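Novice: 3D, please:
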Amino acid sequence: MIKNLGINLVPKFEHDSAIIVKRLLELDVEWVRLGFDFYNFDRKKLDILVAKLSEAGIKILGLLYGEVPGVMKTSIFLDRNYSSIFGKEKSYLRFIKNIVSRYAEIDHWEIWNEPNSARFWQAKPSPQEYGIMLKDASQLLKGINPKNKIVFGGVAGDDDISFFNIVRSRFEKDVLARGIGDHVDIVNFHPYDKYCYFGIRDYSFYLRHFKERFKDAIAYSKTLNKPIWITEFGISRKYVYLKEEEIADVYFELYSLCSKESIPFFIWDLIGPYGKVYSRFNPELTFAVLDNEGELNSFGKKLLYRFKCA
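Specialist: Model prediction:
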């Protein structure tokens, strides 16, 4: 098992749980970041999946979030079907209590996903609103099991990027400055930027550029006096003109950089594409390492080869 290596798993249950776990064992990951969707929770199938992951010795970071479709209107114009979670705090806390009490095998819990982005907050990102929700969720989780570790919702970018009202910078720092730090065990970044989605630069640029971004995120986390995890990172194969083996090598080098600091590094992602909830132009459609039949695709095979040959 490759220490500190993880991968994201947003279960669609088009693939059998046994197949999912088999592929994870092939990839030799230590962790999965498993999404528990506030809007669409399939308890019976998740029971089977969590049990099989635990039996296989794969550690689970439970992501307590709501999946919002990756189409333009949910990022820019928002969507009345996914109104801000801050208006649903009581329902969200009941959801947390049900999930966390049910899956005692999991002791690391992430509170929402990318709360600094309008897409997932479905409102103007608000450190005040998220801080209130994070504190309440943390107290609930610690009350259920004091050993539960609370992971800050993965910040889109490395907390230094702002984009109109869509992504807010200094979000994590602003939340923690409100006295929430005692309720958080681990800070969390998704160091994406435009080069993850579109680019004609060469391999050497990508390696140099993202090593610097990761070093900056690590240095920034130290100013927050918290351990850091990188729970999402990926490079699209749709609009980025790198060879698959070059992307695999960038992943490995970034993992190696994180591993030296004992920082878990999670690849985005295991399963895709996502069907109608994602625009056919969305670069994320080519991040996954499994094909539609649940086999490693050509990129997944190259990724496995790169890590196994290290």
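Novice: where does the stretch 51-200 of the chain dip in pLDDT?
Specialist: Along the stretch 51-200 of the chain, the parts satisfying pLDDT under 70 run over 70-81, 162-165.
Novice: just the helices in it please.
Specialist: 72-75, 89-102, 118-121, 127-144, 171-175 (DSSP state H, counting those that start in this stretch).
Novice: So what angle separates the directions of the longest one and helix 89-102?
Specialist: By that I understand helix 127-144. 30 degrees (axes from the mean of the first three to the mean of the last three CA atoms, to 10 degrees).
Novice: same for helix 127-144, what does it pack against?
Specialist: helix 89-102, strand 108-111, strand 149-152, helix 171-175 (3 or more CB pairs under 8 Å, 6 or more residues apart in numbering; DSSP states H and E). Backbone N, C-alpha and C define where each C-beta goes, glycine included.
Novice: try it again with 6 Å
Specialist: Applying 3 or more CB pairs under 6 Å, 6 or more residues apart in numbering; DSSP states H and E, one finds that helix 127-144 contacts helix 89-102, strand 108-111, helix 171-175.
Novice: Can you show me the CA trace of that helix as PDB?
Specialist: C-alpha atoms of helix 127-144 as PDB (Å, rounded to 0.1, in the frame of the first residue of the first chain):
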ATOM      1  CA  PRO A 127     -16.400  32.700   5.700                       C
ATOM      2  CA  GLN A 128     -18.900  33.700   8.400                       C
ATOM      3  CA  GLU A 129     -21.600  31.300   7.300                       C
ATOM      4  CA  TYR A 130     -19.200  28.400   6.700                       C
ATOM      5  CA  GLY A 131     -17.500  29.100  10.100                       C
ATOM      6  CA  ILE A 132     -20.800  28.700  11.900                       C
ATOM      7  CA  MET A 133     -21.600  25.500  10.100                       C
ATOM      8  CA  LEU A 134     -18.100  24.100  10.600                       C
ATOM      9  CA  LYS A 135     -18.200  24.800  14.300                       C
ATOM     10  CA  ASP A 136     -21.600  23.200  14.800                       C
ATOM     11  CA  ALA A 137     -20.600  20.100  12.700                       C
ATOM     12  CA  SER A 138     -17.300  19.700  14.600                       C
ATOM     13  CA  GLN A 139     -19.000  19.800  18.000                       C
ATOM     14  CA  LEU A 140     -21.500  17.200  16.800                       C
ATOM     15  CA  LEU A 141     -18.800  14.900  15.400                       C
ATOM     16  CA  LYS A 142     -16.700  15.200  18.500                       C
ATOM     17  CA  GLY A 143     -19.700  14.500  20.600                       C
ATOM     18  CA  ILE A 144     -20.300  11.300  18.700                       C
END
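Novice: can you give me the end-to-end distance of stretch 177-191?
Specialist: 21 Å (CA to CA, to the nearest Å).
Novice: Could you give me the buried positions within that stretch?
Specialist: 180, 183-191 (16 or more other CB atoms under 10 Å).
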